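> Pasting a predicted model and its sequence here:
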Amino acid sequence: MVSGTPVVRPREQTKAPDAEVPSFGPCRRLDYEVELGVIVGTGNQLGESIPMASALDHVFGVVLLNDWSARDIQAWEYQPLGPFLAKSFASTISPWIVTLEALAPYRVPAFARPVGDPAPLPHLNDPADQAEGGFSIEVEMWLRSAKMRDQNLAAQCLSRGNYSNCYWTLGQTVAHYASNGCNLQPGDLLGSGTNSGPKAGSQGALIEITHGGKNPVRLPGGEMRAFIEDGDEIVQRGRCTREGCATIGFGEAAGFVVPAKTWLSTGA
């Protein structure tokens with residue numbers, strides 16, 4: 001969904017720790033995920049993979065991506081199925097695509113993995129990609145509640161990070177998706193995964209910032225937030241800056257959360 005599209009709180013199965021059976025109802029632990037969206041340019045033939053050396057040749061550009069997550073639904077369904085309904089209800093992207101050519105001045109080395117972490121397998125480990133496969137893109141997430149709007153209070157920044165801290169590079173993302181022969185097509189959108197930095201204040205999701213809801217964030221006006229509530233507006237912003245280069249803006253990936261619907265459409 002393009003920035004500005006309302007986000008309807010999802011309804012699905014959840015199961016409280018003390019409940020004997022699951023129940024169906026609105027999500028109670030709605031969250032965001034700070035990501036970068038990769039827009040595929042040239043795809044590949046079905047059954048063929050994309051080597052790391054040419055992976056970025058298949059990328060047209062990138063957008064900001066908020067991959068909304070229903071954490072309580074996710075906790076119930078991810079074993080053994082993996083998260084699906086907890087993620088499929090909404091994804092918000094910024095309104096224009098920033099091309100890789102425009103991002104060329106902001107290339108940096110790939111994320112340095114902690115000592116002891118396994119190295120990528122050979123098909124995802126390319127020396128050139130490790131040398132300059134990262135991109136220095138500043139990302140922020142802001143929240144403004146209904147009460148804050150009523151009181152004319154400015155939005156509060158929840159986190160600031162940089163895409164250069166992503167564990168996997170854009171090239172690795174593309175090569176991995178196509179490694180089983182999946183045929184990527186022009187216009188396909190691939191998510192980078194949550195962009196969380198190593199320092200406090202750079203986490204890419206409320207569940208990380210609040211330690212699972214145990215340490216809520218205090219907003220201007222005294223409100224507390226462990227997870228996103230109805231009426232909250234969540235805005236992701238991004239930009240690239242470097243001395244001697246023009247600053248590149250990504251626009252916003254904004255979503256306004258509205259209450260869960262109490263009816264089910266028949267499609268009639």
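The structure has been received and is ready for your questions.
> Over to Val34: give its phi and psi.
phi -80, psi 120 (degrees, to the nearest 10).
> That should have said Val62, apologies.
Here is the backbone geometry of Val62 (degrees, to the nearest 10): phi -140, psi 160.
> Now do the contacts for it.
The contact partners of Val62, by Cβ atoms under 8 Å, 6 or more residues apart in numbering, come to Leu36, Gly37, Val38, Ile39, Ile97, Val98, Leu100, Leu103, Phe135, Ile137, Leu170. C-beta coordinates here come from the backbone N, C-alpha and C atoms, glycine included.
> which among those residues end up buried?
For those, a neighbour count by 16 or more other Cβ atoms under 10 Å gives the buried set as Leu36, Gly37, Val38, Ile39, Ile97, Val98, Leu100, Leu103, Phe135, Ile137, Leu170.
> Mind checking which of the residues you listed are in strands?
Cross-referencing those against strands under DSSP state E gives Leu36, Gly37, Val38, Ile39, Val98, Phe135.
> which two from those end up farthest apart in space?
Across these, the longest distance by Cβ to Cβ is 14.0 Å; it joins Ile39 and Phe135.
> residues contacting the residue nearest the centre of the chain?
For the chain, Glu35 is the residue whose C-alpha lies nearest the centre (Cα atoms, centre = their mean; 2.7 Å). Applying Cβ under 8 Å, 6+ apart, we find Glu35 in contact with Leu64, Leu65, Asn66, Asp67, Gly191, Ser192, Gly193, Thr194, Asn195, Gly204.
> of all the residues you listed, which two lie farthest apart?
Leu64 and Gly193 (14.0 Å).
> the more surrounded of these two?
Shown here are Leu64 and Gly193; by other Cβ atoms under 10 Å, Leu64 has more neighbours (28 against 16).
> SS state for the more buried one?
What DSSP: H, G, I helix; E, B strand; the rest coil gives for Leu64 is strand.
> thought it was touching Gly37?
Yes: using Cβ atoms under 8 Å, Leu64 makes contact with Gly37 at a distance of 7.0 Å.
> Can you check which residues contact both of those two?
Common contact partners of Leu64 and Gly37 (Cβ under 8 Å, 6+ apart): Ile93.
> ok, then the element right after the longest helix along the chain?
Identified as the longest helix of the chain according to DSSP state H is helix 170-178. Sequence-wise, the next helix or strand downstream of helix 170-178 (DSSP states H and E) is strand 189-191.
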